[in-house]
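Asks: Sequence and predicted structure below; questions after.
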Amino acid sequence: MTQPSRRLVILGATGTVGVQALELLKTSPALEVVALSAHTRQSELIDLAAPSGGRTFLTDDPQQNQGLLEFLRQGEYHICLNAVVGAAGLPYSEAVLKAGKDLALANKESMVLAGELLTKLAEKTGSTILPVDSEHSAIHQCLRGEQGNAIRNLYLTASGGALRDLQTDEFANVTPQQALAHPNWDMGPRITIDSATMMNKALEIIEACHLFALPAEQVQVLVHRQSVVHSMVEFADGSMLAQLGPPDMTYPIHYALYYPNRPSSNLPGFDAKLFAKLTFEEPDTQRFPALTLGWRAAKLGGAAGAVLNAADEIAVEAFLQQQIRFLDIYALCANALEQMPDLQANTIAQVQAADQWARQFTSRSIEKQIQAASGVSKS
C-alpha cells in the first residue's frame with residue numbers, strides 16, 4: 001500500500017531557498033506542497049503554486065498574513081520550510097512549533113532572536129527543528145546518534161566572502177557591487193553582504209549555541225575558502241567529524257525535508273576535483289570584527305541576539321542604498337549592542353519589542369550620520 005505523502009508548507013517561496021526547494025521536489029520523492037507564501041511577488045507566487053495547487057499567502061497583505069498564521073497554527077501539514085528573510089520569519093516559526101509540526105529552518109533569525117524560547121517550545125510540543133543553514137545542517141548530521149556532553153568544540157566554516165583578499169585599508173571605499181560578488185555561493189543580498197562582513201557567522205554563532213545547547217566558548221569559526229567542508233565537530237576524545245559537499249543549498253534543504261530518512265536524489269556526490277584542496281585559516285578579527293559581536297551577544301544572551309540582528313538588517317539595507325559606508329555596518333551594530341538598555345526576552349512579544357528598539361535606534365543613528373555628512377558638505 002502506498003504511503004501518504006508528507007504535507008509541506010514553503011514560506012518565502014519566491015526567494016533563493018524557496019525556489020531551490022521547489023526545483024528539488026521535481027526530481028525527489030514526492031512531498032505534497034499544500035501552501036506557499038511570498039511577501040510581495042504575487043504573480044511569481046501564483047506560478048510557483050500552480051503545479052501543486054497549494055494555497056498561496058501574500059504576507060505584505062495584513063489579512064492574508066493573519067490567514068497564514070492561522071493556517072500554520074491549525075497544523076494541517078507535516079513540515080514547514082521557513083525561508084523568510086530576516087526577523088519577519090519569527091512569528092511563523094513560533095506558529096509551526098506551537099502546532100507541534102517539524103520546522104525546516106532557513107530563517108536563522110528565528111533562532112538568533114528567540115532560540116531559547118523556540119527550543120523550549122519544540123521540546124514541549126514534540127516538534128523537531130531542522131536547520132537548513134549549510135553550517136548547522138552539517139553539525140546536525142555530524143551529531144546524529146551522539147551525546148551532547150561528548151562535544152569539545154563546534155567549528156563553523158566560512159568562505160570569507162567577497163572581500164576576503166581585499167586590503168583592509170581599502171574597506172572604507174567598498175561598494176555594494178563589490179560586497180555582493182560572492183566567490184562561492186548564490187544567495188540573497190542581505191546574506192551576501194553579511195558574508196562580506198562575517199556578520200552572518202556572528203549570527204550563526206548565536207544560532208549554534210541555541211540549536212546545540214552549547215556555550216559561546218565551544219563554538220569556533222574557521223575560514224575555509226573552498227566551501228566544501230560545511231562545518232565540523234570536535235569530540236571530547238579528540239576525534240573529529242566533518243560534513244562535506246558542493247557549495248549548493250539544495251543539499252541541506254534535501255536533508256531537512258526528508259529527515260530522518262535519506263532517500264535517493266539526483267544530487268552529485270563525491271568529486272575528486274572539487275575536494276582536492278581543502279584549506280583552513282584562523283579568522284582575522286581585525287578584518288572581520290563582527291565575529292567578536294557574535295561571541296559577545298551569545299554570552300550576553302537575552303535580547304542581545306535580537307538587537308544585533310535588527311541593527312545589522314537596518315545597517316545592511318542602508319549600505320545597499322549607499323547611505324552609509326561598508327565599515328559603518330559594524331560600527332552601527334556595535335553601538336546598538338553597547339547602548340542596549342535592560343531589555344527583557346522572556347516572551348516572543350518582548351523579543352519583538354527588543355527588535356523594534358534596535359531598528360529605531362539604528363535608524364536614528366544613520367539619520368544623524370547622514371545629516372552630519374550633509375552639514376559638512378555644505379560648509
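Replies: Good, I have the coordinates.

Asks: contacts for stretch 276-287?
Replies: Residues outside stretch 276-287 that contact it (Cβ atoms under 8 Å, 6 or more residues apart in numbering) are 157-158, 168, 198, 201, 221-226, 228-229, 291-292. Every C-beta, even on glycine, is put in place using the N, C-alpha and C of the backbone.

Asks: Which parts of the protein are helices?
Replies: When assigned using DSSP state H, the helices of the chain occupy the ranges 16-25, 42-49, 62-74, 90-98, 108-125, 134-142, 176-179, 189-197, 199-211, 250-258, 290-300, 304-320, 326-339, 348-378.

Asks: and these as TSV, adding mean pLDDT, mean neighbour count and distance to G148?
Replies: What follows is those, written out as TSV (pLDDT from 0 to 100; neighbours: other Cβ atoms under 10 Å; distance: least, Cβ to Cβ, whole Å):
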stretch	mean pLDDT	mean neighbour count	distance to G148
helix 16-25	94	20	28
helix 42-49	93	15	39
helix 62-74	97	15	29
helix 90-98	97	24	20
helix 108-125	97	22	12
helix 134-142	97	24	12
helix 176-179	92	16	37
helix 189-197	89	23	28
helix 199-211	97	27	11
helix 250-258	97	23	20
helix 290-300	97	21	17
helix 304-320	97	26	21
helix 326-339	97	19	28
helix 348-378	90	16	25
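
Asks: Mark out where each domain of this structure begins and ends.
Replies: By the record's domain assignment, the chain is partitioned as 7-131, 136-247+268-296, 302-379 (automatic domain parsing).

Asks: Just put those in TSV and tack on distance to I253.
Replies: Below are the domains of the chain laid out as TSV (distance: least, Cβ to Cβ, whole Å):
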stretch	distance to I253
domain 7-131	5
domain 136-247+268-296	9
domain 302-379	22
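
Asks: closest one to Y259 among those domains?
Replies: Y259 sits nearest to domain 7-131 of all the domains of the chain, at 5.4 Å, using Cβ to Cβ.

Asks: Can you check the distance spanned by the closest one, start to finish?
Replies: From its first residue to its last, domain 7-131 covers 19 Å (Cα to Cα, to the nearest Å).

Asks: Might you calculate how far that domain sits from the centre of the chain?
Replies: 14 Å (Cα atoms, centre = their mean, to the nearest Å).

Asks: quick one: which of the domains of the chain is nearest L257?
Replies: The nearest among the domains of the chain, by Cβ to Cβ, is domain 7-131 at 5.9 Å.

Asks: What distance do you get for Q243 to E135?
Replies: Separation of Q243 from E135 (Cβ to Cβ, to the nearest Å) stands at 9 Å.

Asks: which residues are in contact with both of the two?
Replies: H230, S231.

Asks: which other residues reach stretch 42-53?
Replies: Stretch 42-53 has contacts (Cβ under 8 Å, 6+ apart) with 13-14, 18-19, 22, 32-34, 36-38, 55-56, 58.

Asks: Among the residues you listed, which one lies nearest to P341?
Replies: Nearest to P341 among the contacts of stretch 42-53 is S37, at 33.8 Å by Cβ to Cβ.

Asks: on that earlier part again, buried ones only from the contacts of stretch 276-287, please, as a ChimeraX command.
Replies: Selection of buried members from the contacts of stretch 276-287 for ChimeraX, criterion 16 or more other Cβ atoms under 10 Å:
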select :157,158,198,201,221,222,223,224,225,226,228,229,291
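
Asks: still on that earlier bit, could you dump the helices of the chain to CSV with distance to V233?
Replies: Output for the helices of the chain, formatted as CSV (distance: least, Cβ to Cβ, whole Å):
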stretch, distance to V233
helix 16-25, 24
helix 42-49, 36
helix 62-74, 32
helix 90-98, 25
helix 108-125, 18
helix 134-142, 4
helix 176-179, 31
helix 189-197, 22
helix 199-211, 11
helix 250-258, 16
helix 290-300, 18
helix 304-320, 22
helix 326-339, 28
helix 348-378, 29
